[in-house]
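In: Quick one: sequence plus predicted model below, questions after.
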Amino acid sequence: MVMETDFILKTNDLNTKGFCIIDDVLPLNLAEQLNSLYEIENNWEKIDQVRTGHYSHVFKFKNKYLPSEKEVYSAKFNRSTNLESSQIVKEIFDNHFVKLVQKVSPFPVNEFDIRCYKLEKGDNYRTHVDGYAASINLIYYVNKQWGWDWGGILNLLSDENTEEHTSIFPKYNRVVLLNNKVFKSPHFVSTIEQFALYPRYSIVSFNK
């Protein structure tokens, strides 16, 4: 579990870098409960988003290496409202993730919107920002096993610095927090490769 001093460091990361990574965030028995729930869940809604014009206003960037105004935003993933309404998921989220966000966030956060996602072969998210939807993003990784070249890597970019780039591995029982209130934080999730052995599972919450 995360020590008290680590929270201070993570708060500083959110202020200075715009993101922080916290490993081993849940007690192991709770992490395993979530993993088991995802593995047996069979009620997934396929979502295939195509948004023309988003890169000319909602996701408009100055960085020449990010999508231009003429490009089309797209995202392909699966969502389970069944998992989102699960009492176990709700209790873990309220007792651990809500408290974590409120403790680490450099500003008050009181509204939480939880999503349970699965990315299969061919799924991805093109470059986007979430400041319109959340002050703080939380991404929690559910998979026990993953490989770097399977795809599904969270890539954090900068709209100001063309050289700035951070790749974050979807490690089991890891949380990533993004500070959208202070930083624009463009990011994308690379395409899940055909040879990936498992789907990529995550909990994502948009918090205000």
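Out: Here it is on my side, so go on.

In: What does the pLDDT read for the residue sitting nearest the centre point of the chain?
Out: For the chain, Ile139 is the residue whose C-alpha lies nearest the centre (C-alpha atoms, centre = their mean; 3.3 Å). In the prediction, the pLDDT value recorded for Ile139 is 98.

In: Okay, helices next: where are they in this structure?
Out: When secondary structure is read from DSSP state H, the chain shows helices at 4-16, 28-40, 81-84, 87-92, 99-104.

In: any chance of those in a markdown table, with mean neighbour count and mean pLDDT too?
Out: Just so you know, the C-beta spots here come from the backbone N, C-alpha and C atoms, and that holds for glycine as well. Supplementary listing: those in a markdown table, determined by neighbours: other C-beta atoms under 10 Å; pLDDT from 0 to 100:
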| stretch | mean neighbour count | mean pLDDT |
| --- | --- | --- |
| helix 4-16 | 14 | 74 |
| helix 28-40 | 15 | 98 |
| helix 81-84 | 17 | 98 |
| helix 87-92 | 14 | 98 |
| helix 99-104 | 17 | 92 |
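
In: List just the one of these that sits closest to Thr52.
Out: Of all the helices of the chain, helix 81-84 sits nearest to Thr52, with 26.8 Å by C-beta to C-beta.

In: Under the pLDDT cut-off, which ranges of this protein? List them.
Out: Across the chain, the ranges flagged by pLDDT under 70 are 1-9.

In: show me the residues around Lys144 that make contact.
Out: Residues counted as contacts of Lys144 (C-beta atoms under 8 Å, 6 or more residues apart in numbering) are Asn35, Tyr172.

In: now do Ser85
Out: By C-beta under 8 Å, 6+ apart, Ser85 has no neighbours at all.

In: Tell me, how many residues neighbour the closest residue to Val109 other than its chain neighbours?
Out: Leaving aside its sequence neighbours, Val109 sits nearest to Asn207 (C-beta to C-beta, 6 or more residues apart in numbering; 4.8 Å). Using other C-beta atoms under 10 Å, Asn207 has 22 other residues around it.

In: Asn207 and Asp130 touch, don't they?
Out: No. If you go by C-beta atoms under 8 Å, Asn207 and Asp130 don't touch, sitting 10.2 Å apart.

In: And the helices of the chain: which comes nearest Leu119?
Out: For Leu119, the closest of these is helix 28-40, at 11.7 Å, according to C-beta to C-beta.

In: will you turn the helices of the chain into TSV that also has distance to Lys62?
Out: Formatted as TSV, the helices of the chain follow (distance: least, C-beta to C-beta, whole Å):
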stretch	distance to Lys62
helix 4-16	21
helix 28-40	38
helix 81-84	35
helix 87-92	38
helix 99-104	29
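
In: that older thread, can you pull the residues that touch both of Asn207 and Asp130?
Out: Contact with both Asn207 and Asp130 is made by residues Asn137, according to C-beta under 8 Å, 6+ apart.

In: For this protein, list the residue farthest from the centre, please.
Out: Lys70 (25.9 Å).

In: Thought Tyr55 was touching it, still the case?
Out: Yes. In terms of C-beta under 8 Å, Lys70 counts as a neighbour of Tyr55; the distance is 7.5 Å.

In: Mutual contacts of these two, please.
Out: In contact with both Lys70 and Tyr55: no residue, using C-beta under 8 Å, 6+ apart.
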